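Enquirer: Here's a sequence, model it:
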Amino acid sequence: MRADARRAYHVARTDLLVRLRSRKLLVFLGVVVYVGYLINSGSFGVFYTVADGPSVNGALTAHLVGLNAGMAGSTVMLLGGFYVLRGTVERDERHGHAPILASSRTSGPVYLLGKLGSNVAVGVVTAAVLAAAAVINHAIHGVGPTTPVVIVWPVFVMVVPLTALVGAVAVLFGTVDLLSGTLGRVAYFFGAVFLVGGQMFRPETALPAAVPATVKALDVVGLTLAYDLTLESIRTAVPGFDGGYASFGTGGTNARTFRYEGGPWPAWFFIQRLGTVVLGVAVTAAAAVPFDRFRTTTPGPLARVGRLLSPGPVIGRLRSPREESADAGEGAGGGSPAIEEVSLPPVTQRGAGGFGRVVGMELRRLLRDQPRWWYLGAALLVAVPSGVALTGGDTGLARGLLPLVSVWPLFVWSRIGSRTARHGIRPQILASTYPVGQLLGEWVAGCLVAAGVGSATFALLTLATGPAALLGAAGAVVFPPSLALVAGLWTGSPRLFEALYLALWYVGPLNGGAVADFVGVTTRGVSTGVPLAFAAVGVGAVVVAAWRRQVYRTVF
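Expert: Numbers count the residues shown, from 1 in each chain. Presented below is the predicted three-dimensional model:
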């Protein structure tokens, strides 16, 4: 037991040291600090809506700043932490550490427990940075004396246990082939949104004692906790207040103010956070079942069943490391890291054609190896609106399809920009005759996929609302591939693009936020030219990326 604990510690320590040198973690901490600044400087915070008057905001006392900082850290960790914490298992395979791990005495469960420890350590670092920023913010913008202990401890109590659950899910997804890519990242996003939305199951006027236990169990962010802690303070400022939902936002310029000076925290919250940690450990233990890539040369029974049930691609398949080593006749984990199979045209044809041929090649690369269900969904998104238009059906269906049309190609767009780094062919591209043409061809291919999937919906919407719908089509076709290209080139990974795009898509096309409506779902967004502005930003980003590639090519 003591030896296993020591091995898990060293796995966690090594992984954490690698992460502390990561640009991704630095960006994530910057986002956390910025969100904390917005909430604890009064620009953005928790407020309650009152039916017979202005909203109710809280004065920035030390106790409320600590509570706000904990809620901000929990929200960012839930929605964005997964994209930072995932990839620990894949990193060891990618860097060739699999042979060392396979030859050591570290078992699979101990190894995964060490990876979970590394994720929790990242949560501790995040909480420490956010807590320090909250203390500084209160000293500048706060009300009353700055008490560091009062501000700091809620951040750790709220953020670190949640990190254990998010980090465990990240470890689990990394051990399941079906969930290790874009599908897993999209599935996690919707799961996280469901957890946040679970607070809406609370009756609006229910007092804390009457809030259902299921709602309290789903309070991963702390909205119900804030309502429980601040209710009496709100009633003091607003006599007759009978309950309401806690919301994030500005709360209005003429809002009334309550003053929260602390109090005992409810026991149910500590039970909920303890349950979160226990669930995280249980998820990590479950991840040890499919995790056998370092130990076996042939797929186990669970792996074989999963392979039979998983929807395979139409053309080709990415081979796992254990399949590579089995074919080579080597021991467990002795093979080289898996390399994605790339087909090249015959040597006699490499100089033929022009930009159109480059676009065609990039289009084939983007569309190949997608699972069958993706092709089926894309076909339905074209066939259903076409059938409605031909049969004279309800043209209002088109606006309802826009959110789905704008997210379905995500599985294709996520390949844009980062493939040169993932395949290790960036030097060859820079040394080629058409380095900028390859970049533009990749972007145009992404635009063609967007136009193809959404063509019938855009046409049906144009029939229903007129030519103004083409503004939304321009944003939906141009902006997503542009964001994918720039984010992929910068990070060499699709994760940043997927996280940013899903956040924009959730606020804009899915929930009708006009400021982020880059596809024209809302009438306000179309009338103010929001989709056209997003399209212009996308084109500008591609121009800058092309210029940067030309500069790199000159240097190379």
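Enquirer: Quick one: distance of the strand or helix carrying Leu16 to the chain centre.
Expert: Following DSSP states H and E, one finds Leu16 within helix 2-20. What separates the centre of helix 2-20 from the centre of its chain is 26 Å, taken as C-alpha atoms, centre = their mean, to the nearest Å.
Enquirer: Which other helices and strands does that helix contact?
Expert: Other helices and strands packing on helix 2-20, by 3 or more C-beta pairs under 8 Å, 6 or more residues apart in numbering; DSSP states H and E, are helix 88-94, helix 108-141. No exception for glycine: its C-beta is placed from N, CA and C like everyone else's.
Enquirer: for the shortest one, which positions count as buried?
Expert: By 16 or more other C-beta atoms under 10 Å, the buried positions in helix 88-94 come out as 88-89, 91-93.
Enquirer: With the last one instead?
Expert: With burial defined by 16+ other C-beta under 10 Å, the residues of helix 108-141 counted as buried are 108-123, 125-138.
Enquirer: one step back: compare the mean pLDDT across the helices and strands packed on helix 2-20 and name the weakest.
Expert: Mean pLDDT is lowest for helix 88-94 among the helices and strands packed on helix 2-20, at a mean of 76.
Enquirer: Which strands and helices lie in contact with that helix?
Expert: helix 2-20, helix 108-141, helix 148-175.
Enquirer: Find the nearest non-adjacent residue to Asn137, please.
Expert: Of all residues not flanking Asn137 in the chain, Asn40 sits nearest, at 4.0 Å (C-beta to C-beta, 6 or more residues apart in numbering).
Enquirer: meant to ask about Val444, not that
Expert: Among residues not flanking Val444 along the chain, Val359 sits closest, at 5.1 Å (C-beta to C-beta, 6+ apart).
Enquirer: Verify the stated contact: that neighbour with Gln438.
Expert: No. Counting by C-beta atoms under 8 Å, Val359 stays clear of Gln438, with 9.9 Å between them.
Enquirer: Any stretches of the chain with poor pLDDT?
Expert: For the chain, applying pLDDT under 70 flags the ranges 42-45, 51-54, 95-99, 101-103, 198-205, 243-255, 292-353, 393-396, 421-434, 549-556.
Enquirer: all strands for the chain, in order.
Expert: 45-48, 56-58, 246-249, 256-258 (DSSP state E).
Enquirer: Show me how the record splits the chain into domains.
Expert: Here the domain parsing of the chain from automatic domain parsing is 2-287, 352-555.
Enquirer: chain center to the longest one, what's the gap?
Expert: Just to be clear, that refers to domain 2-287. 15 Å.
Enquirer: The shortest one too?
Expert: Remark: domain 352-555 is offset 18 Å from the chain centroid, using C-alpha atoms, centre = their mean.
Enquirer: Who are the contact partners of the closest residue to Leu440 other than its chain neighbours?
Expert: Nearest-residue entry for Leu440: Ala546, 6.2 Å, with adjacent residues in sequence omitted and distances by C-beta to C-beta, 6+ apart. In this structure, Ala546 makes contact with 436, 439-440, judged by C-beta atoms under 8 Å, 6 or more residues apart in numbering.
Enquirer: and which of the residues you listed is nearest Leu461?
Expert: Leu440 (28.2 Å; C-beta to C-beta).
Enquirer: okay, now that closest one: neighbour count?
Expert: 21 (other C-beta atoms under 10 Å).
Enquirer: show me what contacts it?
Expert: 355, 542, 546.
Enquirer: hmm, 10 Å instead?
Expert: 355, 358-359, 362, 434, 485, 542-543, 545-546, 549 (C-beta atoms under 10 Å, 6 or more residues apart in numbering).
Enquirer: what do you get for Val110?
Expert: Residues in contact with Val110 (C-beta under 10 Å, 6+ apart) are 3-8, 11, 104, 288.
Enquirer: Most neighbours among those, which one?
Expert: Val11 (24 neighbours).
Enquirer: just to revisit the earlier point, ok, of the contacts of Leu440, which come out buried?
Expert: Buried by 16+ other C-beta under 10 Å: 358-359, 362, 485, 542, 545-546, 549, out of these.
Enquirer: now, which of those residues sits nearest Leu16?
Expert: Leu485 (31.7 Å).
Enquirer: Can you tell me the closest non-neighbouring residue to the closest one?
Expert: Once flanking residues are discounted, Leu485 sits nearest to Gly417: 4.2 Å by C-beta to C-beta, 6+ apart.
Enquirer: who wins for proximity to Cys447 among the helices and strands packed on helix 2-20?
Expert: Closest approach to Cys447 among the helices and strands packed on helix 2-20 is made by helix 88-94 (29.6 Å; C-beta to C-beta).
Enquirer: before we move on, back to that, export the helices and strands packed on helix 88-94 to a markdown table and tack on distance to Tyr34?
Expert: Below are those laid out as a markdown table (distance: least, C-beta to C-beta, whole Å):
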| stretch | distance to Tyr34 |
| --- | --- |
| helix 2-20 | 20 |
| helix 108-141 | 9 |
| helix 148-175 | 16 |
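Enquirer: Figure out which of these is closest to Ala459.
Expert: Of the helices and strands packed on helix 88-94, nearest to Ala459 by C-beta to C-beta is helix 148-175, at 37.6 Å.
Enquirer: angle of that closest one against helix 108-141?
Expert: For helix 148-175 against helix 108-141, the angle by axes from the mean of the first three to the mean of the last three C-alpha atoms, to 10 degrees is 140 degrees.
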